[in-house]
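Participant: sequence first, then the predicted structure, then my questions.
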Amino acid sequence: MSVSTERAGRRPTIKAVAAAAGVSTAAVSQAFNNKGRLSEATRRRILDTALELGWSPSASAAALRNARTRSLALVVRRPTDVLGSDPHFSELITGIEGELAPRGYGLLLHLVSGHREENALYERLAAEGRVDGAVLTDARDDDARPALLARLGLPAVLLGAPDGTAIVPRVGLRDQGAGIAEAVAHLLSLGHRRVAYVSGPPELQHTRVRRAAFEGALREAGLRPFAVLPTDFSERRAVGATEALLGSADRPTAIVYANDSMAVCGIGTAQRAGLTVPRDVSVVGYDNLPLGSWLHPRLTTVDQQVQRVGAAAARMLLALCGEEVEDAALAERPRLVVRESTGPAPA
């Protein structure tokens, strides 16, 4: 004969119900919220198990059962030191919040260190009914997150170039490689032939797309990359990559960086080595963050309209949650913004 955990002196938990019913905690939540794609037999088994164990959702969860939380999640898989030094995400959050706040929605920001932790977080958020949807960042090849969120019944949008085949909608500027190709063309027009690229993590889709655009633009000009050095976007790796490039016997005359934060590190590293930007080496960033216009020299960079992308992602997710919003589509491509950090190749 089974014994209620309450009668045994312990408070029952949703995990205990899930284990006893042979399902996930998300499935238990879906059974009580009458959401998801559970069969009637599975839903009945979960409810019967919960009754036997003496478990029911908390008062706050019950209150949310037929109401929205008016909260959306943004999960970022980055080390805290990298996130703290990269204004990209503050620009993204500004764009998202600009759409959420006037509608009475809030944003829950979570930092995770790996894919298992990230997936477990989505399961917990869905099981506890804490958010109405999620913004996914850093699209990856063979990305399992869209299918997971679809299974959990949690609306989501994925930041990245639009893809009609995606399980969840994607939001971003079209042709992520266009800005890099334009940057290379700009450097070639200035006479540069030894051009290097300091990229992001290779597992990210935008890293692959931008690297392909960088190599393709040089190949069309009959050239090969001086070097392509992958990083984790951290200041330490950016400085190390720049030192390695500038320390070579036949150093590059131009370096393209995968984001503005690393380009700032690159300029500082070059200046500490006694070089002048752009007289000795030209530098190009990517993002067009406000800090780039305050440097000396001001940073040539690729504008991918981070705030606008954040706002469009928020609008699309709000629409998936049943809100009436204006069209979230973005028709633009990334574009090069030429400033003083690029100049003619040294003789």
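Facilitator: Nice, thanks for sending it over. All of these numbers come straight from a predicted model, not from anything done at the bench.
Participant: which phi and psi values does the closest residue to Arg251 other than its chain neighbours adopt?
Facilitator: Counting by CB to CB, 6 or more residues apart in numbering, the nearest residue to Arg251 once its immediate chain neighbours are dropped is Leu245, at 6.2 Å. From N, CA and C alone the C-beta is placed, and that goes for glycine too. Main-chain torsions, Leu245, degrees, to the nearest 10: phi -70, psi -50.
Participant: got the contact list for Leu245?
Facilitator: Residues near Leu245 by CB atoms under 8 Å, 6 or more residues apart in numbering: Ala196, Val198, Phe226, Ala227, Leu229, Arg251, Pro252, Ile255.
Participant: cutoff 10 Å now
Facilitator: By CB atoms under 10 Å, 6 or more residues apart in numbering, the residues touching Leu245 are 194, 196-198, 226-227, 229, 251-252, 255, 266, 269-270, 281.
Participant: what does Leu330 give?
Facilitator: With CB under 10 Å, 6+ apart, Leu330 has these contacts: Ala161, Pro162, Val171, Gly172, Leu173, Arg174, Gln305, Arg308, Val309, Ala311, Ala312, Ala313.
Participant: does the third one touch Glu99 like I think?
Facilitator: No: applying CB atoms under 10 Å as the test, Val171 and Glu99 come out as separate, 11.8 Å apart.
Participant: overlap in contacts, the two.
Facilitator: Shared contacts of Val171 and Glu99 (CB under 10 Å, 6+ apart): Gly310, Ala311, Ala312, Ala313, Ala314, Arg315, Met316, Leu317, Ala328.
Participant: quick one: secondary structure of the first one?
Facilitator: Classification of Gly310 by DSSP: H, G, I helix; E, B strand; the rest coil places it in helix.
Participant: wait, isn't it in contact with Val135?
Facilitator: Yes: Gly310 lies in contact with Val135 (CB under 10 Å); the separation is 8.2 Å.
Participant: anything in contact with each of those two?
Facilitator: Common neighbours of Gly310 and Val135 (CB under 10 Å, 6+ apart) are Leu74, Leu92, Ile93, Ile96, Leu159, Val171.
Participant: contacting residues for the fifth one?
Facilitator: This points to Leu159. Leu159 neighbours (CB under 10 Å, 6+ apart): 74, 92, 135-139, 170-172, 206, 306, 309-310, 312-313.
Participant: can you list the domains in this structure?
Facilitator: For the chain, the TED database gives the domain ranges 14-63, 71-173+307-321, 177-304.
Participant: could you list the buried residues of stretch 96-110?
Facilitator: By neighbour count with 16 or more other CB atoms under 10 Å, stretch 96-110 contains the buried residues Ile96, Glu97, Glu99, Leu100, Tyr105, Leu107, His110.
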